[in-house]
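Asker: Sequence and predicted structure, then a few things I'm wondering about:
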There are 2 protein chains.
Amino acid sequence: MVLLDLLGRRWSLRILWELRGEPLTSRALRAACDEASPTVLQARLSELREAGLVELVPAGGYRLTEMGRELHETFLPLHRFAERWSKAL
Amino acid sequence: MVLLDLLGRRWSLRILWELRGEPLTSRALRAACDEASPTVLQARLSELREAGLVELVPAGGYRLTEMGRELHETFLPLHRFAERWSKAL
DNA sequence: TCCCGTGCTACAATAATAGTAGCACGATGC
DNA sequence: GCATCGTGCTACTATTATTGTAGCACGGGA
């Protein structure tokens, strides 16, 4: 599971999650993940772009690729689970 | 998404993945994740236990709780995605 | 008693991340 | 022209997380 190594890094899942809707600029992403440093954000974005999950459109910011969107679909049930989980805790 | 903070740590996803089948002892888990140090494995196991996703049965090693198993179900499509993804890369 | 496997921890060295500040570039308006 | 703004991105040090190695205490057999 090479994918787990990529996703199992700080802010990787979070970035994919934040980009689920509208594309976000670099600054907007920094605002959305307001505890992450720009250093690691840029590092993750580079990795995710290299992995073909995220792309940078010149005049629109970062967004998920087709593949990245599929990955997000995969995570949709996670949202519902997270709600039940936080209640059970 | 507090859950993302927990899962977005090194080896968290990997541990859940390795425990998907038979329960594993502490040593077996160290063997399965042969690049992880016991320090961080114990740290993650403590966090996952505190989160009610993993439990330690006295004479059988670590295994997923009912909640943890639900989380794993959530991740099942990820496996199929990972295969397509690695081919597309 | 001795040996073995278990869960777990101490310690120093290394890598990853946080926090702050700033760069270069292009578009826009004066 | 040129000042201003937002963009993506980076340098730098301080702090935290992780690694790598070794070892502890406990319990269950032989």
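Answerer: Nice, thanks for sending it over.
Asker: Would the helix or strand A:Ala28 falls within count as contacting DNA strand C?
Answerer: Using DSSP states H and E, A:Ala28 maps to helix A:26-32. No - counting by CB under 7 Å from any atom of the strand, DNA strand C has no neighbours in helix A:26-32; the shortest distance is 8.5 Å. C-betas here are computed from N, CA, C, even on glycine.
Asker: Repeat that for stretch A:39-56.
Answerer: Yes - contact check for stretch A:39-56 against DNA strand C, using CB under 7 Å from any atom of the strand: residues in range are A:39-40, A:43.
Asker: Could you confirm whether the helix holding A:Ala28 reaches chain B?
Answerer: No - Helix A:26-32 stays clear of chain B (CB under 8 Å from any CB of the partner chain), getting no nearer than 11.3 Å.
Asker: can I assume A:Leu56 sits in a strand?
Answerer: Yes - with DSSP: H, G, I helix; E, B strand; the rest coil as the criterion, A:Leu56 is part of a strand.
Asker: give the contact list for it.
Answerer: Contact analysis of A:Leu56 by CB atoms under 8 Å, 6 or more residues apart in numbering or on different chains lists A:45, A:49, A:62.
Asker: which of the residues of stretch A:39-56 next to DNA strand C are close to DNA strand D?
Answerer: Intersecting the residues of stretch A:39-56 next to DNA strand C with the surroundings of DNA strand D, defined as CB under 7 Å from any atom of the strand, gives A:Thr39.
Asker: Arrange the residues of stretch A:39-56 next to DNA strand C in TSV, one row each, with secondary structure and neighbour count as further columns.
Answerer: Conversion of those to TSV gives the following (DSSP: H, G, I helix; E, B strand; the rest coil; neighbours: other CB atoms under 10 Å in any protein chain shown):
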residue	secondary structure	neighbour count
A:Thr39	helix	8
A:Val40	helix	15
A:Ala43	helix	15
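Asker: follow-up on the earlier one: so which of the contacts of A:Leu56 belong to helices?
Answerer: Among the contacts of A:Leu56, DSSP state H puts A:45, A:49 in helices.
Asker: Closest one to A:Met1 out of the contacts of A:Leu56, please.
Answerer: Within the set of these, A:Arg49 lies nearest A:Met1; the separation is 20.5 Å, counting by CB to CB.
Asker: Hmm, A:Leu64 and the closest one touching each other?
Answerer: No - contact between A:Arg49 and A:Leu64 fails when scored by CB atoms under 8 Å: they sit 10.9 Å apart.
Asker: Now do A:His72 against A:Leu53, distance only.
Answerer: Between A:His72 and A:Leu53 the distance, using CB to CB, to the nearest Å, works out to 9 Å.
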